[in-house]
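Student: Below: sequence and its predicted model.
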Amino acid sequence: MSALYHEYLVEDRDFKDYDDLQAHCRLKAPKDFNFAYDIVDRYATDFPGKRALVWLDDNGEEHEFTFDDISRESKRAAYWLSSKGIKKGDTVMLMVRRRYEWWFLMPALHRIGAIAIPATDQLLQTDIEYRIKAADVKLIICYDNPHSQEQIEKAVANTGIVQKLVTVGKTKREGWDSFHEEYEKMPAEFPRPVGEAATHNEDPMLLYFTSGTSGYPKMVIQDYLYPIGHIMTAKYWHGVVEDGLHLTIAETGWAKASWGKIYGQWICGTAQFVYDMNMLKPDKMLTLISKYGLTTFCAPPTVYRFLVRQDLSKYDLSKCTRFSTAGEALNGEVYNKWLEQTGKKIYEGYGQSESTVICGNFLETPVKPGSMGRPNPLYDVEVLDPNGDPVAPGEVGELCIHVEHGRPYGLLMGYYKDVSLTAAAFDGGVYHTGDNVYEDEDGYVWFVGRKDDIIKSSGYRISPFEVESVLQKHPAVLECAVTGVEDPKRGMAVKATIVLSSGYENKDPKEMETEISTFAKENTAMYKCPRIYEFVKELPKTVSGKIRRVEIREKDKGRDTNKIKQEF
């Protein structure tokens, strides 16, 4: 038996059902756990030929890596990073999409004790500038995408903080160092640091920028115990099998990659399948699941909505023992169609960038379509009212996690360099998720909505504040409010309700929509851009002048989104 997760279970045994899991599954960690040394190198030593990664892209390139390969290449990468001056505590941003080098670089950064900042390649100059300044980024590594690299160059020129730019891929770029040209010459040696350079369990390891509604993205910081928490994600929710092949559809810039593309899966002994695709093609994805014999698969509901429209009888999905989903609520119709055509359930889960899976349909627990499942046994979850008191089953409250007796594995350390925000998140001895839910009589948790105004569209979490900040830079925009509108394809579509400035209010709404939409696309990531525009004379506000987005959302319920623009 080669899977290492057994060593991190207090009771090393199989759990028969959810109740048994909840009562007895507890995790433990050694002193100074480090994923690179204690998982990657351990497999490389004990089972060097064990498959770790199967990678392919749209250009026909394909590679398979063993743990011996990952160990060797990540040591080279760590040596190379050190040669660039990167040391413990330094921040390094990775914008490499789904390139296989990400699986070399992440363990390499862990070896050094540097803080990894995965980021999506959809970021534009203003997004990148904010991240550089907020996290004091020392080095940026980007795959050879000219558009992304241009955005980075503009951002770096305005900050004066980043010391080096590195390109990953075959194309060289002036002013950028070449990762492959340099790191391949490095020795495959990087001894575990000792003394002041050694990493410890509560050192910062990973930083994710996550959207909020009252300001710019928050910086979620995770420690070296975070990977161990994902045993629950991989083994008991994804249902990975030893020496299997798992695919989570996520770009490496999002926290879902940490959930499904590296930590828990490798600890639990399954290999990663990575398809570096330019865009989702349902037929191609189903063909790959069949051709490569994937054993477990996880994707947001948006993807299942596309997959279920195919003739699923054409594909051999028999080896895939578990399908799972997270990111937004799964439509019951999609669940039923998938079950009818494949005979397989889709197991929902819920969590945040701040956590591992918080609620899920664990093991072979009965599924209630649309429910997030039941609480992760590692988390002391409770639904609380605004006074911090538990609510009765069926009543809506905020989903909270008790931390009075310590922070559980996989829950954030806090928000980087923001003491007040961290204190607010952990106020009253609980971690506040900010999500309103209710729990039914059977203990299943059902999502109701954000306490704030976050928008979930096609699996992305989008901050209205960020989008509004961009739109308001256009001279025609006097005021605006960004909200989510129900959308059958995306779950929610981003909508901008705009009051036009003087001199623009009498212009053709269609002309203004085109102009402002083009401006938005040029100044922020595409996934954030509004898809619906409505022009109004004034926005609903409170007495104190705060915009009432809730009133806009209520007004939009049931409206035909194609007609919203025509009602002005």
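Tutor: Everything's here; your move.

Student: Can you say which helix or strand has Asp41 in it?
Tutor: In this structure, Asp41 sits in helix 41-46 according to DSSP states H and E.

Student: Buried residues in that helix, which are they?
Tutor: By 16 or more other CB atoms under 10 Å, the buried positions in helix 41-46 come out as Asp41, Arg42, Tyr43, Ala44. For the C-beta atoms, the positions are set from N, CA and C on the backbone; glycine is no exception.

Student: what's the spacing between the third one and Leu312?
Tutor: Looking back up the chat, that one is Tyr43. Going from Tyr43 to Leu312 by CB to CB, to the nearest Å gives 35 Å.

Student: same check, this time on Ser463
Tutor: Distance of Ser463 to Leu312, given as CB to CB: 36 Å.

Student: neighbour count winner among those two?
Tutor: Ser463 (23 against 16; other CB atoms under 10 Å).

Student: Touching, that one and Lys218? I think so.
Tutor: No - counting by CB atoms under 8 Å, Ser463 sits too far from Lys218 to count as a contact (9.3 Å).

Student: Using JSON lines, lay out the buried residues of helix 41-46 together with distance to Val470 and pLDDT.
Tutor: Listed next are these as JSON lines, based on distance: CB to CB, whole Å; pLDDT from 0 to 100:
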{"residue": "Asp41", "distance to Val470": "44", "pLDDT": "98"}
{"residue": "Arg42", "distance to Val470": "46", "pLDDT": "98"}
{"residue": "Tyr43", "distance to Val470": "45", "pLDDT": "98"}
{"residue": "Ala44", "distance to Val470": "46", "pLDDT": "98"}
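
Student: Export those as CSV, with columns for distance to Glu505.
Tutor: Compiled in CSV, the buried residues of helix 41-46 are given as follows (distance: CB to CB, whole Å):
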residue, distance to Glu505
Asp41, 65
Arg42, 66
Tyr43, 64
Ala44, 66
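
Student: Could you point out the helix or strand that follows the helix or strand that contains Tyr335?
Tutor: Remark: Tyr335 resides in helix 332-342, with elements defined by DSSP H and E. Sequence-wise, the next helix or strand downstream of helix 332-342 (DSSP H and E) is strand 346-351.

Student: Just give me how far that next one sits from the chain centre.
Tutor: How far strand 346-351 lies from its chain's middle: 14 Å, per CA atoms, centre = their mean, to the nearest Å.

Student: How about residues contacting that strand?
Tutor: With contact meaning CB atoms under 8 Å, 6 or more residues apart in numbering, strand 346-351 is reached by 233, 237, 239, 259, 304, 322-326, 329-330, 334-335, 338-339, 357-361, 367, 370-373, 445, 447.

Student: Indicate each strand paired with whichever helix or strand comes after it and its parallel or antiparallel sense.
Tutor: Following strand 346-351 in sequence order, the next helix or strand is strand 357-360 (DSSP H and E). Using DSSP bridges, strand 357-360 pairs in its sheet with strand 346-351 (antiparallel), strand 374-375 (antiparallel).

Student: Measure how far the shortest one is from the centre of its chain, please.
Tutor: What it means is strand 374-375. On CA atoms, centre = their mean, the centre of strand 374-375 falls 20 Å from that of its chain.

Student: Let's test this: mean pLDDT of that strand, rounded?
Tutor: Averaging pLDDT along strand 374-375 yields 98.

Student: Which elements pack onto the next helix or strand after it?
Tutor: Sequence order places strand 381-384 as the next helix or strand after strand 374-375, per DSSP H and E. If you count contacts as 3 or more CB pairs under 8 Å, 6 or more residues apart in numbering; DSSP states H and E, strand 381-384 packs onto strand 397-402, strand 430-439.

Student: Now the last one: buried residues?
Tutor: Within strand 430-439, the residues that count as buried by 16+ other CB under 10 Å are Val430, Tyr431, His432, Thr433, Gly434, Asp435, Val437, Tyr438, Glu439.

Student: so which of the helices and strands packed on strand 381-384 gets nearest Tyr79?
Tutor: For the helices and strands packed on strand 381-384, proximity to Tyr79 was assessed by CB to CB; strand 430-439 is nearest, at 37.8 Å.

Student: tilt between the next helix or strand along the chain from the closest one and strand 397-402?
Tutor: As assigned by DSSP H and E, the chain's next helix or strand after strand 430-439 is strand 445-450. With axes from the mean of the first three to the mean of the last three CA atoms, to 10 degrees as the basis, strand 445-450 and strand 397-402 are set at 110 degrees to each other.

Student: quick one: low-confidence ranges for the stretch 201-350 of the chain?
Tutor: Across the stretch 201-350 of the chain, the ranges flagged by pLDDT under 70 are 211-215.

Student: quick one: Val381 and Val357 touch, right?
Tutor: No - between Val381 and Val357 there is no contact under CB under 8 Å: 11.3 Å.

Student: okay, Lys164: pLDDT?
Tutor: Looking at Lys164, its pLDDT stands at 96.

Student: which one is it nearest to, not counting chain neighbours?
Tutor: Leu139 (4.7 Å; CB to CB, 6 or more residues apart in numbering).

Student: Kindly report the same for Tyr379.
Tutor: Closest residue to Tyr379 apart from its sequence neighbours, by CB to CB, 6+ apart: Ile401 at 4.9 Å.

Student: show me the contacts for the one you found.
Tutor: Neighbour list for Ile401: Ser355, Ile358, Tyr379, Asp380, Val381, Glu382, Pro408, Leu411, Val430, Tyr431, Thr433 [criterion: CB under 8 Å, 6+ apart].

Student: where does the first one sit relative to Asp435, distance-wise?
Tutor: What that stands for is Ser355. Where Asp435 is concerned, Ser355 sits at a distance of 11 Å (CB to CB).

Student: Okay, now the unreliable bits of the stretch 451-568 of the chain?
Tutor: In the predicted model of the stretch 451-568 of the chain, residues 452, 542-546, 561-568 satisfy pLDDT under 70.

Student: Quick one: the helices in it, in order.
Tutor: In the stretch 451-568 of the chain, the helices defined using DSSP state H, counting those that start in this stretch lie at 464-471, 509-523, 549-556, 561-564.

Student: Need these in JSON lines (columns: mean neighbour count and distance to Thr91).
Tutor: Below are those laid out as JSON lines (neighbours: other CB atoms under 10 Å; distance: least, CB to CB, whole Å):
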{"stretch": "helix 464-471", "mean neighbour count": "22", "distance to Thr91": "21"}
{"stretch": "helix 509-523", "mean neighbour count": "16", "distance to Thr91": "25"}
{"stretch": "helix 549-556", "mean neighbour count": "16", "distance to Thr91": "33"}
{"stretch": "helix 561-564", "mean neighbour count": "12", "distance to Thr91": "40"}
